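**Q** Pasting the sequence and the predicted coordinates here, then a few questions.
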Amino acid sequence: MDALDVPEGAVVVGVDGSARAARALELAAREAERHATLLHVVHAFPWLARAHGWEFAPEAGAMSVAERVVADAVDQVRATHGGLSVTGQVVVDDPAVVLVEASQRAALVVIGARGLGRVAGQLLGSVSQKVAAHAHGPVLVVREQAPDDGAPVAVGTDPAGDAPEVLEYAFEEAVRRGTGLLVVLAVEHESVPPAYADDRVLALLQEATATTQERLRAELANWERRYPGVPVEVLLPRQHPVEALATVAERASVLVVGSRGRRGLRGVRLGSVARGVLHRVPAVVVVRVLPG
């Protein structure tokens, strides 16, 4: 029941003993190795948090179960990633609050989400959604179907630009994985009402799209000079960004997107694209985009 104690720059993963948490644990261990840092395993659960708020201690049996969940996770990582330093703790607080707090010191927070499917694919666990929306740093949300390593990193770029944090994380992740980068700029213009769909309006829309693409290529040229060893493929689909990114993610090991959500735990929402891909893609890193 100690207060949260996250080592600076660690990869933090939330576990609860479920299959989705087991997949998140394995991918978190790999990320910790790539970041050359330690892994910190955290287990928290709401009903113990409420007990804590009511100022009576949780039953010893409940704490033993919680401690066993963490101990098993730590043992699993040590058995499969022998050279990785791993620590763990139980925190009596709401899981989303704990992981958001952890994100202030962590290099990355990893959390499992429900599997993909006709029903589950339309849902995102409340903890996953809150952490992705409110974290102070990058969050990797993974499902049980998350792909293995080896495929390129995919990144969604914002037509409005001004999100260097997203491209930087994507390039760094490609370097860590020793793979290439798929840069996606999806532009889908809303349908033009017939009364305005003349040649001039259509020409202006095409010009705006061309300008956006040219700006992206110029920006990428600077990044490629900084990361000359990363092969880059630019994709310019004419479709809704969520659809485009979900399609590209099928041949990627992870998708990186940005979120401009406001800070704080009240009333904050993910951007529509970030929220959409979290429902559709098995492994997504959400990078906080700082306000300009």
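**A** Sure, I can see it.

**Q** Relative to the whole chain's centre, how far out is stretch 280-292?
**A** With C-alpha atoms, centre = their mean, to the nearest Å as the basis, stretch 280-292 stands 5 Å off its chain's centre.

**Q** what about the strands in the stretch 151-292 of the chain?
**A** 153-156, 181-184, 232-235, 254-259, 283-288 (DSSP state E, counting those that start in this stretch).

**Q** okay, those in TSV with distance to residue 34 and mean neighbour count next?
**A** All C-beta spots, glycine's among them, are computed from the backbone N, C-alpha and C. Below are those laid out as TSV (distance: least, C-beta to C-beta, whole Å; neighbours: other C-beta atoms under 10 Å):
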stretch	distance to residue 34	mean neighbour count
strand 153-156	11	27
strand 181-184	15	24
strand 232-235	19	15
strand 254-259	11	27
strand 283-288	12	24
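
**Q** possible to save those strands as a markdown table with distance to residue 225 and mean pLDDT?
**A** Formatted as a markdown table, these follow (distance: least, C-beta to C-beta, whole Å; pLDDT from 0 to 100):
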| stretch | distance to residue 225 | mean pLDDT |
| --- | --- | --- |
| strand 153-156 | 17 | 97 |
| strand 181-184 | 14 | 97 |
| strand 232-235 | 11 | 96 |
| strand 254-259 | 20 | 94 |
| strand 283-288 | 21 | 95 |
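
**Q** Format these as a markdown table; extra columns: distance to residue 275.
**A** Shown next, in a markdown table, are those (distance: least, C-beta to C-beta, whole Å):
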| stretch | distance to residue 275 |
| --- | --- |
| strand 153-156 | 13 |
| strand 181-184 | 17 |
| strand 232-235 | 21 |
| strand 254-259 | 9 |
| strand 283-288 | 10 |
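
**Q** Could you break this protein into its assigned domains?
**A** 1-146, 148-287 (automatic domain parsing).

**Q** out of the ones you listed, deepest packed?
**A** For those, the largest average neighbour count (mean count of other C-beta atoms under 10 Å) is found in domain 1-146, namely a mean of 19.

**Q** element containing residue 67, please.
**A** Assigned by DSSP states H and E, residue 67 belongs to helix 60-80.

**Q** Tell me the helices and strands packed up against that helix.
**A** helix 19-35, strand 39-44, helix 46-53, strand 86-91 (3 or more C-beta pairs under 8 Å, 6 or more residues apart in numbering; DSSP states H and E).
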